[in-house]
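S.K.: when you get a sec, could you give me coordinates for this:
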Amino acid sequence: MTGPGQGLRARVRRWREQWIAVGGLVLIWLLLWGDISWGNLLGGLLAAAAVLVFFPLPAVTFDGRLRLRGLLMFAGRFVVELVWASLHVARIGMQPGYTPRSAIIAVRLLVPTDLNLTLTAEAVSLVPGTLIVDVDRNGGVLYVHVLDVRAPADIATARKEIRLLERRIIAAVGSAAELRQVRSVPVDKELP
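M.R.: Next up, the predicted model:
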């Protein structure tokens, strides 16, 4: 049953999300121009309004909350992975005569929300040596190209690392229910 209060909350939430989207698009506009001026601000507002009117995106709900400790843990570990993966890819590139083997693996996420799929896919793609090649939105599956796979154990390790990454993202921005969900399943367990 929905009451008048729930309808009002839904409208307020929708307007809040629209204004956040406008603010983000205007910020990107200003960063792209590299100059903060009244003209660029007005141009950014017009461009943001045009994008939201002519190219409406599906609503992405955020039921979680930002956790400072989780954000710091995610950022710290992400920087470590970024540096290590960069050194690994550089070593592959510099090693004479070495031909790395690659694999495309499917990784089913525990929390298949649009926001979690997007955040996890972006984080995976930013790390050198991994790249998202496809996403099954309905099934919550990421298809990831992994560089330098030498044994089946490397595939299992790559899946485990992606699930650990998802766990850190949920710990940083997920809801309490999502956090309980990812903590209740071991990272190396195969999902159906």
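
S.K.: R108 is in contact with G140, correct?
M.R.: Yes. Contact criterion C-beta atoms under 8 Å: G140 and R108 qualify, at 5.9 Å. The C-beta positions use only the backbone N, C-alpha and C, and glycine is treated the same way.

S.K.: in terms of neighbours, single out the busier of these two.
M.R.: G140 (19 against 16; other C-beta atoms under 10 Å).

S.K.: tell me the contacts of the more buried one?
M.R.: Contact analysis of G140 by C-beta atoms under 8 Å, 6 or more residues apart in numbering lists R108, L109, V111, P112, L117.

S.K.: buried subset of those as a PyMOL selection?
M.R.: When burial is assessed using 16 or more other C-beta atoms under 10 Å, the buried subset of these is captured in PyMOL by this command:
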select buried, resi 108+109+111+117
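
S.K.: looking at the contacts of G140, spot the one nearest L52.
M.R.: Nearest to L52 among these is L117, at 21.8 Å by C-beta to C-beta.

S.K.: mind listing what's buried along the helix or strand where that closest one lies?
M.R.: Taking DSSP states H and E as the definition, one finds L117 inside helix 114-126. Residues L115, N116, L117, L119, T120, A121, A123, V124 are the ones in helix 114-126 that count as buried (16+ other C-beta under 10 Å).

S.K.: and what of stretch 134-147?
M.R.: For stretch 134-147, by 16+ other C-beta under 10 Å, it's V135, G140, V141, L142, V144, H145, V146, L147.

S.K.: wait, which of the residues you listed is closest to P58?
M.R.: Nearest member of the buried residues of stretch 134-147 to P58, counting by C-beta to C-beta, is V135, at 14.2 Å.

S.K.: before we move on, back to that, let's have the contacts of G140 in CSV, adding pLDDT.
M.R.: Shown next, in CSV, are the contacts of G140 (pLDDT from 0 to 100):
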residue, pLDDT
R108, 94
L109, 94
V111, 92
P112, 89
L117, 93
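
S.K.: for the contacts of G140, which one is nearest I20?
M.R.: When these are compared against I20 (criterion: C-beta to C-beta), the nearest one is L117, at 19.4 Å.

S.K.: just give the nearest non-adjacent residue to the closest one, would you?
M.R.: In space, and not counting its chain neighbours, L117 is closest to V135: 6.1 Å by C-beta to C-beta, 6 or more residues apart in numbering.

S.K.: for P58, same thing?
M.R.: Closest to P58 by C-beta to C-beta, 6+ apart is D114, at 7.3 Å.

S.K.: can you map out the strands along this protein?
M.R.: Per DSSP state E, the chain carries strands over the ranges 102-108, 130-136, 141-147.
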